[in-house]
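Peer 1: the following comprises the amino acid sequence and a computationally predicted model.
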Amino acid sequence: MGEEKKIKRRDYLKYTGAAIGGLAVGGALGYLAKPAEVVEKTVTAPAIITTTTLEKTVTKEVIPPKHFEGIKIHFNHGGHCPFGLTVKRGAEAATKDLGCSTEYFDADWVPETMVKQFKDSIAAKPDGIAVMGHPGYDGYADLFEKAYAAGIVVTIVNVDIPELRKKYGPNGCGYVGQELYASGYKVGEACFKYGLKEGDRAAVFSVWEMYPRNLRAMGAEDALKKGGAIVDRVTHPPEVYGDPLKGIPYVTGYYAAHPDVKCMVWDGGGTTAATIKFMEAIGAKPGQIINAGFDLSPPTVEAIEKGYLQVTLDQQPYLQGYLPILNLCLTIKYKMSGLYIDTGAALIDKETVSLVKPLVEMGIR
């Protein structure tokens with residue numbers, strides 16, 4: 001009888017263990033198979049199971065509108081050259097930051113094309129227009145009057161037109177660019193630092209008949225003359241700024257007549273960038289002729305590093321894109337008056353070019 005009880009106890013433990021094991025396996029399978037949003041929790045009280053449903057809350061980030069959304073701008077960035085494209089990048093960055101919309105135009109630096117594009121922009125009736133100032137007062141006076149009569153704010157880039165800026169300044173017309181004559185004078189003065197002497201011959205290349213575009217060349221000419229240099233004016237068509245290789249015949253023709261020239265000043269970013277090409281065309285070695293110019297681009301940096309170009313004045317074209325967009329937005333929305341920003345300051349030479357080279361490669365300087 002004692003053995004019979006022993007067998008029953010063993011069977012009891014066996015069956016109990018099997019039951020517990022089955023519950024454990026079943027519970028595990030149930031946990032793996034259940035939907036993610038349902039959590040089953042077994043409570044210590046016998047035969048009581050509670051089920052809790054977790055609801056997921058999805059939070060959608062609400063992005064507020066940008067400050068100047070809805071404002072439409074037309075922007076002329078001059079040309080499809082390194083300088084013009086840097087201006088455009090600045091305008092694109094401002095457009096993205098401020099929230100306005102901008103349509104871009106380039107005229108290959110031809111004043112007649114700028115005038116036509118200005119007329120087309122007025123007809124399109126944007127809220128604001130940024131124009132390059134190369135056509136001057138005579139080219140733009142009637143169009144400014146027409147634009148403002150239609151409620152369109154206009155501001156000036158790269159070449160100042162003081163008469164129009166002063167007349168329409170309270171209504172938003174500003175200027176972002178170099179003070180042309182002063183920047184030219186600064187470059188002309190710098191040529192003597194790099195070896196030009198009294199009595200040496202120098203040439204200043206420009207579109208001499210195009211006022212006020214030629215103010216920079218006039219400044220360089222006056223500084224060179226004050227230092228005692230003999231100065232020749234060499235003129236070329238405006239198309240040379242957009243396609244500098246078209247300027248080679250003007251360079252070679254001048255050099256053939258004046259092989260004693262010691263210094264050449266280029267008053268455009270495109271022509272400055274072509275310094276190596278120009279010197280190769282006349283067979284001049286690095287440093288044989290003192291070269292000075294304006295603006296920065298990868299070819300200009302290369303010319304400085306190789307010794308062909310002694311100095312250039314950086315007028316920070318990125319700002320000439322960014323700030324006119326800001327000017328227009330502030331005027332259109334808040335009736336602010338026009339901004340006047342002189343962007344030309346730094347002379348860059350072989351000692352300082354390494355500081356700006358990374359920014360030039362990024363298309364910022």
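Peer 2: It's in. Residues are numbered from 1 along each chain as shown.
Peer 1: wait, Phe83 touches Pro299, no?
Peer 2: No. When contacts are counted by CB atoms under 8 Å, Phe83 is not listed as touching Pro299 (11.2 Å). To be clear about C-beta, it is placed using only N, CA and C from the backbone, and glycine gets the same treatment.
Peer 1: more neighbours: which of those two?
Peer 2: Each of Phe83 and Pro299 has its neighbours counted (other CB atoms under 10 Å); Phe83 has more, 27 against 19.
Peer 1: packing partners for the helix or strand containing that one?
Peer 2: In the assignment (DSSP states H and E), Phe83 maps to helix 82-98. Where contact means 3 or more CB pairs under 8 Å, 6 or more residues apart in numbering; DSSP states H and E, helix 82-98 is packed against strand 72-76, strand 101-105, helix 269-273, helix 317-334.
Peer 1: relative to Gly219, which of these is closest?
Peer 2: Minimum separation from Gly219 across these (CB to CB) falls at helix 269-273, 15.3 Å.
Peer 1: any idea how far the following helix or strand past that closest one is from the chain center?
Peer 2: In the C-terminal direction, the helix or strand that comes right after helix 269-273 (DSSP H and E) is helix 275-282. Chain-centre distance of helix 275-282: 28 Å, with CA atoms, centre = their mean, to the nearest Å.
Peer 1: quick one: average pLDDT of the next helix or strand after helix 275-282?
Peer 2: Sequence order places strand 290-294 as the next helix or strand after helix 275-282, per DSSP H and E. The pLDDT scores in strand 290-294 average 98.
Peer 1: residues contacting strand 290-294, please?
Peer 2: 183, 187-188, 190-191, 194-196, 216, 220, 262-269, 271-272, 275, 279, 300, 303, 308-313, 315 (CB atoms under 8 Å, 6 or more residues apart in numbering).
Peer 1: select from those every entry located in strands.
Peer 2: Judged by DSSP state E, the contacts of strand 290-294 include 263-266, 311-313 as members of strands.
Peer 1: dump those to TSV, plus distance to Ile129 and pLDDT.
Peer 2: Formatted as TSV, the ones in strands among the contacts of strand 290-294 follow (distance: CB to CB, whole Å; pLDDT from 0 to 100):
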residue	distance to Ile129	pLDDT
Cys263	39	98
Met264	36	98
Val265	32	98
Trp266	30	98
Val311	35	98
Thr312	30	98
Leu313	28	97
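Peer 1: and those as a markdown table, adding distance to Gly344?
Peer 2: Shown next, in a markdown table, are those (distance: CB to CB, whole Å):
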| residue | distance to Gly344 |
| --- | --- |
| Cys263 | 20 |
| Met264 | 20 |
| Val265 | 15 |
| Trp266 | 15 |
| Val311 | 13 |
| Thr312 | 11 |
| Leu313 | 6 |
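Peer 1: alpha carbons of stretch 141-152, as CSV, please.
Peer 2: Below are the C-alpha coordinates for stretch 141-152, written out as CSV (Å, rounded to 0.1, in the frame of the first residue of the first chain):
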residue,chain,number,x,y,z
ALA,A,141,15.5,106.1,-66.2
ASP,A,142,12.3,105.6,-68.1
LEU,A,143,12.0,101.9,-67.1
PHE,A,144,12.5,102.7,-63.4
GLU,A,145,9.7,105.2,-63.6
LYS,A,146,7.5,102.7,-65.3
ALA,A,147,8.3,100.0,-62.8
TYR,A,148,7.6,102.1,-59.8
ALA,A,149,4.4,103.4,-61.3
ALA,A,150,3.3,99.8,-61.6
GLY,A,151,4.1,99.2,-57.9
ILE,A,152,7.3,97.1,-58.6
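Peer 1: next, the buried residues of that stretch.
Peer 2: 143-144, 147-148, 152 (16 or more other CB atoms under 10 Å).
Peer 1: over to stretch 77-85?
Peer 2: For stretch 77-85, using 16+ other CB under 10 Å, the buried residues are 77-79, 81-85.
Peer 1: Gln117 in helix, strand or coil?
Peer 2: Here Gln117 is recorded as helix under DSSP: H, G, I helix; E, B strand; the rest coil.
Peer 1: so it versus His236, what's the distance?
Peer 2: Look at Gln117 and His236: by CB to CB, to the nearest Å, they are 23 Å apart.
Peer 1: need the contact list for the residue nearest to Gly188 when sequence neighbours are not counted.
Peer 2: Using CB to CB, 6 or more residues apart in numbering and skipping the chain neighbours, the partner closest in space to Gly188 is Ala223 (2.8 Å). Counting by CB under 8 Å, 6+ apart, Ala223 touches 184-189, 191.
Peer 1: could you do Arg165 as well?
Peer 2: 156, 173-175, 338, 340.
Peer 1: let's see 6 Å
Peer 2: 173, 175 (CB atoms under 6 Å, 6 or more residues apart in numbering).
Peer 1: which strand or helix spans it?
Peer 2: Judged by DSSP H and E, Arg165 forms part of helix 162-168.
Peer 1: in that helix, what's buried?
Peer 2: 164-165, 167-168.
Peer 1: out of these, who's nearest Ile364?
Peer 2: Arg165 (26.5 Å).
Peer 1: ok, now how distant is the closest one from Val265?
Peer 2: 27 Å.
Peer 1: again, but for Pro65
Peer 2: 49 Å.
Peer 1: before we move on, the earlier item: check which residues of the helix or strand hosting the residue nearest to Gly188 are buried.
Peer 2: Element membership for Ala223 (DSSP H and E) is helix 215-226. Buried residues in helix 215-226, defined by neighbour count with 16+ other CB under 10 Å: 215-224.
Peer 1: with just CA atoms, put the one helix or strand Gly253 maps to into CSV.
Peer 2: Here Gly253 sits within helix 248-257, counting by DSSP H and E. The C-alpha coordinates for helix 248-257 follow below in CSV (Å, rounded to 0.1, in the frame of the first residue of the first chain):
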residue,chain,number,x,y,z
ILE,A,248,42.9,88.0,-77.1
PRO,A,249,43.1,90.0,-80.3
TYR,A,250,42.9,93.2,-78.3
VAL,A,251,45.7,92.1,-76.0
THR,A,252,48.0,90.9,-78.8
GLY,A,253,47.3,93.9,-80.9
TYR,A,254,48.2,96.3,-78.1
TYR,A,255,51.3,94.4,-77.1
ALA,A,256,52.6,94.3,-80.7
ALA,A,257,52.5,98.1,-80.7
